[in-house]
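Enquirer: need coordinates for the below:
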Amino acid sequence: MITKTLLLTIALAPLAGAILAGLFGRQIGRAGAHWATILGVALSTALSAYVLKLIAFDGHEAVNMSVYTWFRIGSIQAEVGFLVDALTATMMVVVTSVSLMVHVYTIGYMEEDPGYQRFFGYISLFTFSMLMLVMSNNFMQLFFGWEAVGLVSYLLIGFWFKRPTAIFANLKAFLVNRVGDFGFLLGIGLVLAYLGSLDYATVFAKAPTLVGQTFNPYGTVEWAVPTLICLLLFVGAMGKSAQVPLHVWLPDSMEGPTPISALIHAATMVTAGIFMVARMSPLFELSETALSVILVIGSITALFMGFIGIVQNDIKRVVAYSTLSQLGYMTVALGASAYSAAIFHLMTHAFFKALLFLGAGSVIIAMHHEQDLRKMGGLRKYMPITFATAWVGTLALMGFPGTSGFYSKDAILYAVGSADRAGASFAHASLLIGVAVTAFYSFRMLYLAFHGKERFGHDDRHGHGGHHDHGEHQPHETPWVVTLPLALLAIPSLAIGFFTAGPMLFGNFFDGAIFVADGRAPLAAMAHHFEHGSLSFALHGFLTPPVWLALLGAGLATYIYLFNPSIADRARKAFAPIHHLLERKYGFDEFNQAVFARGSVWLGRAFWRVGDQAVIDGVIVDGSAGTVSRIAFAVRRLQSGFLFHYAFMMILGLIVIVGAFALLQ
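Expert: Modelled structure (predicted):
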């Protein structure tokens with residue numbers, strides 16, 4: 001039975017751990033901080049799995065309940081409440097389970113950090129914020145969770161606040177997301193204005209009444225209300241889920257500790273936008289224009305962010321650009337009305353992307369916090385567990401048949417390939433190219449880190465034999481608190497797609513939670529290939545273009561980085577302009593710095609000089625004060641101290657009063 005107490009426990013258990021670790025960290029110590037937060041998230045994970053079991057296997061109906069009324073203004077009210085259906089339950093399990101692995105991993109990764117308790121408090125608070133977002137049953141609570149994950153991400157990206165780069169990164173994330181949130185808030189405002197409610201159930205029931213309504217914001221331009229609402233809501237999703245051009249904050253979020261990189265990129269903040277659009281499917285299905293825009297933006301993000309991943313040498317940034325690209329895949333699925341495929345890829349991606357990030361962190365620990373792939377190599381013999389799990393994550397990311405990533409990525413490609421919508425052909429071509437690009441940069445990272453010759457610790461300038469003479473500097477496998485989460489994440493990275501693809505993609509798992517308009521069957525073209533089950537579909541995958549493109553990318557990386565590394569140097573010189581463009585990330589950072597950052601500063605200074613100094617200070621403050629001063633000076637001269645002057649003024653005043661009275665008669 002899904003009760004209010006059960007749902008409150010799921011949401012509040014991580015919050016309780018965050019309060020204990022964050023406010024009472026000194027009293028409970030390091031062990032107390034990690035036990036308080038881990039037990040809170042573990043309880044939330046277990047209960048979330050129980051809720052998913054009730055809905056997925058026991059046929060329990062969706063629950064929509066109010067906890068309490070936040071405020072009521074006339075007919076408008078905002079509540080704290082929960083909507084738990086198949087979509088919510090899936091997100092709850094993904095968020096809490098990945099968060100639990102990150103919590104355990106953090107014990108090893110942050111072992112020597114002086115902010116140990118503070119970090120555990122932050123990541124537990126992050127989990128609470130995301131749960132409030134995905135469990136909400138109204139727009140007001142959704143916005144609360146939306147802003148809360150933004151706030152905590154700001155704190156976590158800038159966790160090492162003594163580093164200027166970390167402070168720059170968290171400010172960048174904060175400001176870029178404010179742009180997205182501005183559009184998101186306007187969209188919520190239009191929902192309230194036209195539908196008169198913030199409650200999901202009421203809004204979705206009234207959504208068809210928006211068809212045919214127009215909005216005239218300026219001039220003679222008429223906007224279809226459903227299109228305007230959906231585009232504004234999607235601007236919010238672009239910020240949170242890092243879609244071009246609001247993607248620039250995500251790579252810089254690598255300045256935070258690796259555990260938070262995994263949590264942000266895999267299961268929390270960046271998935272919020274994807275979840276929100278899927279939740280709002282009854283609204284988005286009303287606008288073909290909005291869905292086409294989503295298709296195009298997602299495909300641009302998927303392809304062009306993948307290209308940047310090829311030239312990155314920081315191991316965490318390679319994985320970060322991979323996240324950007326995979327978020328593009330999910331966004332394209334949303335634009336093709338394949339919401340279930342987007343959520344399915346969100347789920348599988350959460351596990352193998354967390355695995356890759358935590359694996360990168362394991363390498364960083366072993367390399368004494370070295371992150372440059374050019375200074376690694378040959379780590380497989382030193383780190384066998386990390387090496388094995390890295391292979392699992394890489395195969396899942398490239399979409400090798402049988403892995404979880406294969407089922408979810410192929411579902412998106414099938415859906416987009418069969419979509420009859422403006423921009424679908426461009427999106428499909430972009431994603432197919434992106435498959436080869438993904439495989440290439442994934443195996444490039446794997447080979448540079450774990451294969452080839454060792455490029456670390458060699459220093460013969462003093463007659464030493466490099467790291468072989470200094471055992472204490474050799475890489476070594478990380479502690480069990482680091483490798484255990486890797487092993488546990490490798491299991492769903494391999495197997496969860498095999499067992500869940502059928503019901504989530506072709507069954508009725510999301511019935512009632514996701515709405516697709518009549519006549520749209522984005523995954524119908526794929527269904528007949530799945531008739532004989534997951535194994536048959538995986539074997540059939542070897543005959544399809546996406547798998548061959550992935551193998552082409554992997555094979556090219558294998559030849560270059562294992563057998564003929566000099567090709568990479570020659571290609572870099574031959575294509576120097578393109579390589580430079582990719583290293584500069586297409587100039588987005590320079591453009592934002594020059595236009596938005598400096599432009600905003602210039603605009604602020606102009607307003608300060610004209611508005612503050614000239615008008616407020618010059619006219620209102622100094623001007624009024626000066627006027628009063630001059631009047632006071634003039635009046636003060638009348639105060640001579642001579643009695644006959646005062647008598648004269650009294651007589652003069654009396655004459656004026658009598659004269660005025662006579663004129664009024």
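Enquirer: which residues of the chain fall in strands?
Expert: Applying DSSP state E to the chain gives strands spanning 63-73, 76-84, 214-215, 223-224.
Enquirer: to residue 332, which of these lies closest?
Expert: Closest to residue 332 of those is strand 223-224 (Cβ to Cβ; 22.6 Å). C-betas here are computed from N, CA, C, even on glycine.
Enquirer: circling back to that earlier point, pick the most deeply packed of the strands of the chain.
Expert: strand 76-84 (a mean of 20; mean count of other Cβ atoms under 10 Å).
Enquirer: contacting residues around residue 514?
Expert: Residue 514 is in contact with 87, 278, 281, 339, 340, 343, counting by Cβ atoms under 8 Å, 6 or more residues apart in numbering.
Enquirer: leaving out sequence neighbours, find the closest residue to the third one.
Expert: Which is residue 281. If the residues on either side of it in the chain are set aside, residue 281 comes closest to residue 515, at 4.6 Å by Cβ to Cβ, 6 or more residues apart in numbering.
Enquirer: verify the stated contact: the one you found with residue 279.
Expert: No - contact criterion Cβ atoms under 8 Å: residue 515 and residue 279 do not qualify, at 9.9 Å.
Enquirer: those two - which one has more neighbours?
Expert: residue 279 (26 against 19; other Cβ atoms under 10 Å).
Enquirer: what sits against the residue lying closest to the more buried one once chain neighbours are set aside?
Expert: Sequence neighbours aside, residue 87 is the residue nearest to residue 279 in space, at 6.6 Å (criterion: Cβ to Cβ, 6+ apart). Residues in contact with residue 87 (Cβ under 8 Å, 6+ apart) are 275, 278, 279, 343, 510, 513, 514.
Enquirer: what number of residues lie near the fifth one?
Expert: Read it as residue 510. 22.
Enquirer: where does it fall, phi/psi-wise?
Expert: With angles defined as degrees, to the nearest 10, residue 510 sits at phi -100, psi 10.
Enquirer: what sits against it?
Expert: 86, 87, 339, 340, 343, 504.
Enquirer: so what's residue 585 closest to, chain neighbours aside?
Expert: Nearest non-adjacent residue to residue 585, counting by Cβ to Cβ, 6+ apart: residue 308, 5.7 Å away.
Enquirer: contacting residues for the one you found?
Expert: For residue 308, the contact set (Cβ under 8 Å, 6+ apart) comprises 321, 582, 585, 586.
Enquirer: re earlier: for residue 64, see how far away the residue nearest to residue 279 is.
Expert: Using Cβ to Cβ, to the nearest Å, we find residue 87 at a distance of 13 Å from residue 64.
Enquirer: format the strands of the chain as JSON lines; extra columns: distance to residue 156.
Expert: Listed next are the strands of the chain as JSON lines, based on distance: least, Cβ to Cβ, whole Å:
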{"stretch": "strand 63-73", "distance to residue 156": "27"}
{"stretch": "strand 76-84", "distance to residue 156": "25"}
{"stretch": "strand 214-215", "distance to residue 156": "38"}
{"stretch": "strand 223-224", "distance to residue 156": "38"}
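Enquirer: out of those, the one nearest residue 385 is which?
Expert: Closest approach to residue 385 among the strands of the chain (Cβ to Cβ): strand 76-84, 36.7 Å.
Enquirer: okay, the angle between that closest one and strand 63-73?
Expert: 160 degrees (axes from the mean of the first three to the mean of the last three Cα atoms, to 10 degrees).
Enquirer: quick one: list the elements packing against strand 76-84.
Expert: If contacts are counted by 3 or more Cβ pairs under 8 Å, 6 or more residues apart in numbering; DSSP states H and E, strand 76-84 sits against helix 4-23, strand 63-73, helix 116-135, helix 139-157.
Enquirer: please name the nearest non-neighbouring residue to the residue at minimal distance from the centre of the chain.
Expert: With distances taken as Cα atoms, centre = their mean, residue 270 lies nearest the centre of the chain, 1.8 Å away. Closest residue to residue 270 apart from its sequence neighbours, by Cβ to Cβ, 6+ apart: residue 241 at 5.2 Å.
Enquirer: that neighbour touches residue 271, doesn't it?
Expert: Yes - counting by Cβ under 8 Å, residue 271 is a contact partner of residue 241 at 7.1 Å.
Enquirer: quickly list what's touching both of these two.
Expert: Joint contacts of residue 241 and residue 271 (Cβ under 8 Å, 6+ apart) do not exist.
Enquirer: related to what we said a few turns ago, any chance of the contacts of residue 308 in JSON lines, plus neighbour count and pLDDT?
Expert: Converted to JSON lines, those look like this (neighbours: other Cβ atoms under 10 Å; pLDDT from 0 to 100):
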{"residue": "321", "neighbour count": "24", "pLDDT": "94"}
{"residue": "582", "neighbour count": "18", "pLDDT": "92"}
{"residue": "585", "neighbour count": "19", "pLDDT": "89"}
{"residue": "586", "neighbour count": "16", "pLDDT": "90"}
